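>>> Kindly return the folded structure for what I paste below:
(2 chains)
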Amino acid sequence: MSEAISVHHGEFGRAALYKLDKPIITHAHREGHLIFYLSGAEAKVSVSGRWIAADKNTAVAVSPWEQHSFYLKDQHPTEACLCLVLYIKPIWFLENSQSAEFALNFGRSFISMTPDVSNWVKRLTSLLLDGGNDHLFDGYLYRTTLQCFEQSWRHADRNSVLSDSRHRFTDYRVRRSLRLMQENYTEEVEVEWLAREVGLSRPHFFKLFKKQMGITPNLYLNTLRAEQAISDLMTTDKSVTEISYDLGFSSQASFTRFFSSNVGIPPSDYRRVAHVT
Amino acid sequence: MTLITYVTRVHFADGVLEEALWSEVEVNRKTRPLIVTDETHLNSELYERLLAGLPVRTSIEVISDIPEIPNEQAARRVAETFESTSRDLLIAFGRNTAIDLAKISRISIAHEAPLETFSYATGGSRRIGDSLPDLYAVPSIQGFGSAVSAHAPVVLMDGERTRLMCKKLVPTVTICDPTLTLGASPIESASAGADALGRCVEAYLSPGYNPPADGIALDGLGRVLANLHSVLENDSVTARREMMAASLNGALALQKGLGTIHAIGCALETVVKRRLDPGALSRLLLPAVLQFNADAARDKFTTLQNLFSPGGDGTPASSVTEFLQALPLPGSLAEMGIGEEELRIAADLAASDLAAVRSPRALSSSSLFSIMKSVHLENRVA
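Residues are numbered from 1 along each chain as shown, chains lettered A, B, ... in the order given. Just a heads-up that it's a prediction; the model follows:
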């Protein structure tokens, strides 16, 4: 079973040490993502349909809202993949991006594990494992992300990034549906209903949403629920059962299944190992 | 960087509205914003984008019934709503009026004294305290003039118009998203462009020693010259971005102070008791203002002329006239509904405005009248 060894929340985002022995289904989130292989079974990540290896030589960068899924290279591994996973808040991108055209993107998904990147990954991993130097966390997370961000843009095909990010939020029906989902994410939101509310047929709405957001309406809803679940786990005393019902799940078991498949580990484990620096 | 931190915190990038607003609200732990906008923007598609940029579980309150020129009654109404509904943030969305009203409302929220107490003209700026609530400004194409500036006009309870001016009035965060201006009409686009041009030129000519502001003004001027006509013909995000950058430069360069066109605009609005399009005024008045100042700033005029028409004949005044000629904006002050007698009263008012002090050549009531008179019936500057 996949497990979390350590999770730290900081000013610019969070970092997690995960032991993963199962796939994580296709999902997306508001945060950017960096996935570093540390030891054990090697992995691969599908980022917007392109496969990137997560191994000794390569790390994976995922831009905010880019859909991705995680798999082990070996379908029947004898050991889990130990990896360092960073979730970078959009504000980090907004404060560090060099471009007025695509402020919220990595330049590409493939990150070479150069000596500089490896050093920062080692420091961050040690911090997560040893604890005690929490005041260093934000600085380490910042520097690690900056190394990867700069590298991703040095080798980027800018035209490709531009065409990927150009269409976001341009259709008012998609924008309206985003708001509807934000207002109703704790309910059983049907795509059929959303499409009707914004005046489109279901297939047309689905296609338009996917084209503009890069993910499906269902994935967007899952993201909202996962974000709120993490926020509630970290900032409230509510029990996992209470959080399940507040987010509209019919049982704690279905919430735990949802959380595990989207975040990688069960919610109770997440709460146990995570802390804010 | 897409985060510009001159004067205030400005997010500037295509499509940045939603994530920047979400991030700022979340990072600063705001949960109960009061949105100040006008009816037109409230019912626009852009408003959907604003709402999509607020984190879930955000409780919003909206004030959209706002006057054309911000007044003290409206500011008090905003303050009462802010307090009675326990708000923790102001978000001004759309045009200059909404952003200016939100600015002066911050003072009404933080202070019980009437706004006259804080008037710039009577040295009241220093009375503005440090406990103003945060203000995030999200300008549409009609809002750039106010989005990063430190001043706002206000009509006081007794009907008198004054100006509040203090760096504490600058919005805490400004979000500039060029995609918000896509689809703007030619008139709106021309007005925003002419307004930016006027601000850049006046800021550059202003005699104060401020090299950074001069550089910002010249950069903005170059962007207007390169993109204003193309944005009217082709609604591309690239040209829109350049024009938004020019508007931002024009507003940032106002660090040197407001200029003659601003003084005249305020005076005319006071006399005719309605809002006047600042871009239309700039397009009419800028050539006359340039002609008036020609002998007082010769070196700067050389620099300007090299930008307008490298190696060409003519003067900055004639070049500006030619550049702005084809814009779909009123051709005279009379066409804007302003009578000659109103010019005389406005000239007296403008002459006593501190904004007019920044002119390279000293202004008087009669010179201000002459400037306005030259474009009253037709634009005769050439």
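>>> now residue A:136: how far from residue A:127?
6 Å (C-beta to C-beta, to the nearest Å). Yep, even glycine has a C-beta here, placed from its N, CA and C like the rest.
>>> Looking at the two, which one has more neighbours?
residue A:127 (21 against 14; other C-beta atoms under 10 Å in any protein chain shown).
>>> That one contacts residue A:139, doesn't it?
No: here residue A:127 lies out of contact with residue A:139, judged by C-beta atoms under 8 Å, at a distance of 9.9 Å.
>>> average pLDDT for the helix or strand harbouring residue A:118?
Using DSSP states H and E, residue A:118 falls within helix A:115-130. Regarding helix A:115-130, the rounded mean pLDDT is 93.
>>> Who are the packing partners of the very next helix or strand once past it?
Using DSSP H and E, the helix or strand that follows helix A:115-130 in sequence is helix A:137-154. Using 3 or more C-beta pairs under 8 Å, 6 or more residues apart in numbering or on different chains; DSSP states H and E as the contact test, the elements touching helix A:137-154 are strand A:13-20, strand A:32-40, strand A:58-62, strand A:81-88, helix A:90-96, strand A:110-112, helix A:115-130.
>>> and the last one, what does it pack onto?
When contacts are defined as 3+ C-beta pairs under 8 Å, 6+ apart, helix A:115-130 packs onto strand A:3-9, strand A:13-20, strand A:32-40, strand A:81-88, helix A:137-154.
>>> Go through these and name the closest to residue B:231.
Proximity to residue B:231 (C-beta to C-beta) singles out helix A:137-154 among the helices and strands packed on helix A:115-130, at 28.2 Å.
>>> What count of nearby residues applies to residue 83?
Assuming you mean chain A. 26.
>>> Can you look at chain B instead?
12.
>>> what secondary structure does it sit in?
helix (DSSP: H, G, I helix; E, B strand; the rest coil).
>>> Spatially nearest residue to it (excluding sequence neighbours)?
By the measure of C-beta to C-beta, 6 or more residues apart in numbering or on different chains, the closest residue to residue B:83 outside its immediate chain neighbours is residue B:109, 7.0 Å from it.
>>> contacting residues for the one you found?
B:78-79, B:82-83, B:90, B:132-133 (C-beta atoms under 8 Å, 6 or more residues apart in numbering or on different chains).
>>> after the helix or strand in which it is found comes which helix or strand?
Per DSSP H and E: residue B:109 is located in helix B:96-110. Using DSSP H and E, the next helix or strand after helix B:96-110 towards the C-terminus is strand B:135-139.
>>> What residues sit buried inside that next one?
B:135-139 (16 or more other C-beta atoms under 10 Å in any protein chain shown).
>>> Could you list every helix and strand in contact with it?
Partner elements for strand B:135-139 (3+ C-beta pairs under 8 Å, 6+ apart): helix B:17-27, strand B:89-94, helix B:96-110, helix B:144-147, strand B:173-176.
>>> which one is the residue in chain A that chain B sits nearest to nearest to, not counting chain neighbours?
The minimum distance from chain A to chain B, using C-beta to the nearest C-beta, falls at residue A:103 (3.6 Å). Once flanking residues are discounted, residue A:103 sits nearest to residue B:13: 3.6 Å by C-beta to C-beta, 6+ apart.
>>> swap in residue A:87?
Nearest non-adjacent residue to residue A:87, counting by C-beta to C-beta, 6+ apart: residue A:31, 4.1 Å away.
>>> For the stretch 51-200 of chain A, what lies in contact range of chain B?
Taking C-beta under 8 Å from any C-beta of the partner chain as the contact definition, the stretch 51-200 of chain A meets chain B at A:64, A:89-91, A:93-104, A:165-166, A:168-170, A:172, A:175-176, A:178-179, A:182-183, A:185.
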